[in-house]
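Visitor: Got a predicted structure plus its sequence, pasted below:
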There are 4 protein chains.
Amino acid sequence: MSKTQPISVALFGAGRIGQEHARNLAALPDIQVQVVCDPIIEAAQRAQPLARALEHSANFQDVMKRSDIDAVVICTPTDTHADLIEAAARTGKAIFCEKPIALDLNRTKQALQEVERTRVPFQIGFQRRFDTGYAEAKRRIEKNELGRLDQFRAVGRDPAPPPASYLEKSGGLFIDQAIHDFDLARFLMGEVESVSAWGTVRFLREAAALGDVDTATTLLRFTSGALGVVENSRQAVYGYDIVTEVFGEHGKLLIQAEPKTPLRHYRKEGYRLDHFYFFMDRFGEAFRAEIAAFFAAVREGRAPLPGAHDALASQQVSVAATISFRENRPVKLAELGDS
Amino acid sequence: MSKTQPISVALFGAGRIGQEHARNLAALPDIQVQVVCDPIIEAAQRAQPLARALEHSANFQDVMKRSDIDAVVICTPTDTHADLIEAAARTGKAIFCEKPIALDLNRTKQALQEVERTRVPFQIGFQRRFDTGYAEAKRRIEKNELGRLDQFRAVGRDPAPPPASYLEKSGGLFIDQAIHDFDLARFLMGEVESVSAWGTVRFLREAAALGDVDTATTLLRFTSGALGVVENSRQAVYGYDIVTEVFGEHGKLLIQAEPKTPLRHYRKEGYRLDHFYFFMDRFGEAFRAEIAAFFAAVREGRAPLPGAHDALASQQVSVAATISFRENRPVKLAELGDS
Amino acid sequence: MSKTQPISVALFGAGRIGQEHARNLAALPDIQVQVVCDPIIEAAQRAQPLARALEHSANFQDVMKRSDIDAVVICTPTDTHADLIEAAARTGKAIFCEKPIALDLNRTKQALQEVERTRVPFQIGFQRRFDTGYAEAKRRIEKNELGRLDQFRAVGRDPAPPPASYLEKSGGLFIDQAIHDFDLARFLMGEVESVSAWGTVRFLREAAALGDVDTATTLLRFTSGALGVVENSRQAVYGYDIVTEVFGEHGKLLIQAEPKTPLRHYRKEGYRLDHFYFFMDRFGEAFRAEIAAFFAAVREGRAPLPGAHDALASQQVSVAATISFRENRPVKLAELGDS
Amino acid sequence: MSKTQPISVALFGAGRIGQEHARNLAALPDIQVQVVCDPIIEAAQRAQPLARALEHSANFQDVMKRSDIDAVVICTPTDTHADLIEAAARTGKAIFCEKPIALDLNRTKQALQEVERTRVPFQIGFQRRFDTGYAEAKRRIEKNELGRLDQFRAVGRDPAPPPASYLEKSGGLFIDQAIHDFDLARFLMGEVESVSAWGTVRFLREAAALGDVDTATTLLRFTSGALGVVENSRQAVYGYDIVTEVFGEHGKLLIQAEPKTPLRHYRKEGYRLDHFYFFMDRFGEAFRAEIAAFFAAVREGRAPLPGAHDALASQQVSVAATISFRENRPVKLAELGDS
């Protein structure tokens, strides 16, 4: 595609996250959303002006077949991701897909093989990597400002648990929620060699019924020999609690965004700062940067990151943690077979 | 104009701030930038795709005459503002204009009289009011969370002084720089009754040559009886230093955004946080919110804020401070005549 | 006195501040409190064990006459300070005295002349200078880490106003409260050339009746040409609010102690930090360092600091501010005559 | 002992920590250090004036036999603690002892049995419990402000590793260093049910030679069902890194003391805050509060805390973690036998 022509994009999925991407796509000067596609045609129609799109459609197949579409942005429910990825790859479209590719590791591998075979540009939606804090941490680590890395810690706590209907299809806390922290661990520290996960149900009966947990603490051992820990909870009344720490030979990086509002309120009871209560509050800017980075890579002919390897490897940590929790033993990633 | 039709906009000025507005306008779903207008046609052309505009033009008059334009966004040099405001008002267009309207107070009044006469929607570009910190502070004050307000303090320091060519046309520190702090004072505390300003030249020879200052501290007395102070400097090596404090009966609000990056770097020398080195870093989101608020008001038939009164009244504080500094005496706003 | 003998001390005044000094004196290994002296003999008796003192007494004159006393610590009511200083100077005792020496500037000068004539070691109780934050700020300024100093700002707000009986004898807000901030201004920035003070009564009727104020903002111009501002209030519901800022060519120092407790409490309403509600909470350690520094200087034959010059010069700023407020005009320190 | 008589104290050990206790004891009004005892008589002599003690001695036995001593403060090397505790218990003296009682768990139990048999007051030196942050956290937990407790995290990192000679006798990282964090875990969360520890050598060859580690991350499961993690390192170039977090149903407490100096230094490179580089900087006040609390309990006839149970139980967590690390498996505290 020419540098002077806008990239023509199809947006799949017009739900909450799809609408967010619609708005972000509209603000990118060098792309044009051709069509917003959602099986619920009213949703597609409503999202069309958000994306400044030219059309809307309810038919995935029709849109995939079109040769005037250069790239797809996939924000549909998880169980459609793998099929859409394969269809887009086969028709030579650049692909941005929200995580995960599939709950099943083999289905994930299969779809990614199609991506590799067809060599289409592919990016997975680990948006935290594009947050200014995480991106800057990465840069400083790459400049060796921390020297040897020794310990990692991430906290990931959501303000409130998802509904039972979501939990059922989520794949469990380690695959649904902790995967973001595992991806940050890999992003900042390198690959994981083994995990040891403890989980428990403290408040969420629905989780217990599904064999899932609402609270977990997971030890990580990296291939570098460094140690790490990830703490998760499905509910934090004080808001969206995302804190990451990298400790090394020459110092420590603490990635933490607070307060939400640049305002301290001094009162009789002490002073108060506001929290983030929603992931889009905390990572709205990262979502914008993520999609801009995808299209910049596509335009410049670079492989977008995080790509197929990251999509798979971060999911493998989640799968290993799930096994570790269930079998109450440390699990090496190597047990899962080749990635 | 109909709720179902996008508002048709002309953007005047395609310089640094104009490009920023261009990008922000492109992201608004319910407006359409019809034309980007700049006497330097190449600048207009370059900004056109940023704004997703349909046309570009070098001719202000032609664009002003068009009846298919509903609203104008004015980002041209200060000395053109008043003329453009008057032309837009006479042709019934909604007006958003960057501050100030004119360096001369009478010219400002004249242009605003045209706005009032024609009753077109008008908003002045005091973007800080749309920062989440300042906006939330305003809400808490309006909810009376602070009770009686007693003291105000604002610091406004730029990372580096503007070039001499800018200084010459700036109207001086009180009118060019401190006006943002004076507007915040009025926004949060109410109207100013008198000022007493001390200024000095510490480092900027060009300022001395112009009878201007690079450093100033200004006392404010509000009509409520409360006291305030505004501290300004043309240079702060550690970045853009904007801090505001409102102290009252039941507490204190401190509006301060730091660090820039949600990252603490712990090192041998202590821990380090990043600063804002550019106003657009600090207030980029506020610029987006400001222009969105303008169009929301236009669409909903409300008078946008800050409007003509604020444009004039904040400038009057600046003028009074300039007189106070020059004559080394307290100056009452009433001396300046009616607003 | 020999380096191997403890310094023999008399403590005058066993009220709140005297008891604090008693405890601090008990912890100093190279001094011995010989006698605690208070006209209320029961108070002297109660404070004796706090100071690990050998005796107590109700008679100032008797104690002053004793040749076995090397040094006096004066914590009595203000109106006795000057007499006690003169008596101690005449009998060759080293003197530590709480501020102020006298409300009247001439009485202050008179007492300090006796100190200078007799060349006894003298230290005035501006304890903030010994706070780790202020002391470190001073060191960095002396090492020229800030380069040219351009602006100063101090806030001094008490949690709650003193009783009317105290107000009557206090000399007014500028002399009683703001003097601590004026002294910090001199400590960190150098001498003051002129002041311009605005004050008002917002909540404290007793202050109005006395011609005093409860709220004030004072401009300072230093002899170096730098500008400053001091903000005071007699009441801050959120606690003891002491913040100081020095702005210079190469950076800015912000001296601010918060939270009081090293604890952040994240709750539904945001996160909360504790405040200081009492000056002894904030400056308890500084009081200990102050008195230790006094005795270290005495033992090593150095002149203690802050000494007679600081006692006088900081009070002169307070007096000038009081005049400026009353006469509604800028006042030069030179108008007050020689110091 | 009478309330009107000071408690007569013997201080055992005049090394670094003994000197600190000496100074703290001198400042307590209701006790009298009778004798400072150290086998190195010069050390005892030097510490005598710090403690304002009446005598010094090199002979532990002689001092233990004296009936005019009410209480002992034990700051000698670890391998003497158990003997001194037993001797003090048998002669009916109240005992404050620095941790640990003995590296060997059985020797610890033996000594504590003597304490329980003789019912003398006993306190172990876990000073962090007396830090204002930890003490306030405990109060808020006891007031149920957090509701159900779900997760715990502690970081304990020292500025620099101890010398090899110390390492050899330390009992290893889990027993020497992590015990403070394990004790905080028990203090704030309740008893530990099982642990799973991963450790590694990253930089300290001497540790490797001893089968010890320099870096460890330990999972905790509490008897309440809550999860926890403790991260330790023998070296943090940015200083003494002590952070503790308690996460519960209604909120989160973060106990963290920074910066060391109440000073922010804004510079071109960002703003800088100081760290604690020494445990006495961070916990100096806690050491004072700890010893004052011990004597307050003794005087009032209450059992001091943390007592014999805490001394043993926190050590048991350390021992279990050591086993878990060595055998690479989760270890239940119950495996260690009765406490």
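Guide: Structure received. Numbering: from 1, shown residues only, chains lettered A, B, ... in the order given.
Visitor: Could you use CA atoms for every contact and neighbour count after this?
Guide: Noted.
Visitor: near chain D, which residues of chain A?
Guide: Proximity of chain A to chain D, by C-alpha under 8 Å from any C-alpha of the partner chain, involves residues A:150, A:198-200, A:202, A:215-217, A:219, A:225-229, A:236-238, A:248-252, A:329.
Visitor: One more pass at 7 Å, please.
Guide: A:217, A:227, A:236, A:237, A:238, A:250, A:251 (C-alpha under 7 Å from any C-alpha of the partner chain).
Visitor: Can I take it that the fourth one is in a strand?
Guide: No: with DSSP: H, G, I helix; E, B strand; the rest coil as the criterion, residue A:237 is coil rather than part of a strand.
Visitor: now it: how far from residue C:199?
Guide: 44 Å (C-alpha to C-alpha, to the nearest Å).
Visitor: Between these two, point out the one with more neighbours.
Guide: Remark: of residue A:237 and residue C:199, residue C:199 carries more neighbours, 27 against 21, as counted by other C-alpha atoms under 10 Å in any protein chain shown.
Visitor: Now the closest residue to the more buried one other than its chain neighbours: phi and psi?
Guide: The shortest distance from residue C:199 to any non-neighbouring residue, by C-alpha to C-alpha, 6 or more residues apart in numbering or on different chains, is to residue C:216 (4.0 Å). Residue C:216 adopts backbone torsions of phi -150, psi 150, taken as degrees, to the nearest 10.
Visitor: Verify the stated contact: residue A:27 with residue B:27.
Guide: Yes: Residue A:27 lies in contact with residue B:27 (C-alpha atoms under 7 Å); the separation is 4.5 Å.
Visitor: Return the member of the residues of chain A next to chain D nearest to chain B.
Guide: Closest to chain B out of those is residue A:251 (4.7 Å), distances taken as C-alpha to the nearest C-alpha.
Visitor: can you pull up the bridge partners for that closest one?
Guide: residue A:248 (DSSP bridges).
Visitor: Domain map for chain A?
Guide: Domain assignment for chain A by automatic domain parsing gives A:7-120, A:131-286+A:314-336.
Visitor: average pLDDT for the last one?
Guide: The predicted model assigns domain A:131-286+A:314-336 a mean pLDDT of 96.
Visitor: Ends of it, what's the gap?
Guide: First-to-last residue span, domain A:131-286+A:314-336, C-alpha to C-alpha: 31 Å.
Visitor: Quickly check: the helix ranked longest in chain A near chain C or not.
Guide: If you go by DSSP state H, chain A has its longest helix at helix A:279-300. No: figure legend: helix A:279-300 not in contact with chain C (C-alpha under 7 Å from any C-alpha); closest approach 14.8 Å.
Visitor: how about the spatially most central residue of chain A, what does it touch?
Guide: Taking C-alpha atoms, centre = their mean, the centroid of chain A lies closest to residue A:126, which sits 2.8 Å from it. Each residue near residue A:126 by C-alpha atoms under 7 Å, 6 or more residues apart in numbering or on different chains is listed here: A:99, A:180.
Visitor: ok so, going back, for the longest helix of chain A, which positions count as buried?
Guide: A:282-295, A:297-299 (16 or more other C-alpha atoms under 10 Å in any protein chain shown).
Visitor: contacting residues around that helix?
Guide: A:3, A:24, A:121, A:123, A:127, A:128, A:130, A:131, A:240, A:276, A:303, A:304.
Visitor: how would you label the fourth one: helix, strand or coil?
Guide: Under three-state DSSP, residue A:123 falls in the strand class.
Visitor: so how far is chain C from residue A:29?
Guide: Distance of residue A:29 to chain C, given as C-alpha to the nearest C-alpha, to the nearest Å: 38 Å.
Visitor: ok, how many other residues are close to that residue?
Guide: Count around residue A:29 with other C-alpha under 10 Å applied: 19.
Visitor: Leaving aside the residues adjacent along the chain, what's closest to it?
Guide: Closest residue to residue A:29 apart from its sequence neighbours, by C-alpha to C-alpha, 6+ apart: residue B:50 at 5.3 Å.
Visitor: these two touch, right, residue A:192 and residue A:226?
Guide: No: with contact defined as C-alpha under 7 Å, residue A:192 does not count as touching residue A:226 (9.3 Å).
Visitor: Which single residue of the stretch 1-150 of chain A ends up nearest chain C?
Guide: residue A:133 (20.8 Å).
Visitor: State the helix or strand in which residue A:72 lies.
Guide: Secondary structure from DSSP states H and E places residue A:72 in strand A:71-74.
Visitor: Kindly format the C-alpha coordinates of the longest helix of chain A as CSV.
Guide: Only the C-alpha atoms of helix A:279-300 are listed here, as CSV (Å, rounded to 0.1, in the frame of the first residue of the first chain):
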residue,chain,number,x,y,z
PHE,A,279,-9.1,0.1,33.0
MET,A,280,-9.9,2.5,30.3
ASP,A,281,-9.3,5.4,32.6
ARG,A,282,-5.8,4.0,33.4
PHE,A,283,-4.9,2.8,29.9
GLY,A,284,-7.0,4.9,27.6
GLU,A,285,-3.9,6.6,26.3
ALA,A,286,-2.1,3.3,25.9
PHE,A,287,-5.0,2.0,23.8
ARG,A,288,-4.5,5.0,21.5
ALA,A,289,-0.7,4.5,21.4
GLU,A,290,-1.1,0.8,20.7
ILE,A,291,-3.2,1.1,17.6
ALA,A,292,-1.1,4.0,16.3
ALA,A,293,2.0,1.8,16.7
PHE,A,294,0.3,-1.0,14.8
PHE,A,295,-0.5,1.1,11.8
ALA,A,296,2.9,2.8,11.9
ALA,A,297,4.6,-0.6,11.7
VAL,A,298,2.3,-1.7,8.9
ARG,A,299,3.0,1.4,6.9
GLU,A,300,6.7,1.2,7.5
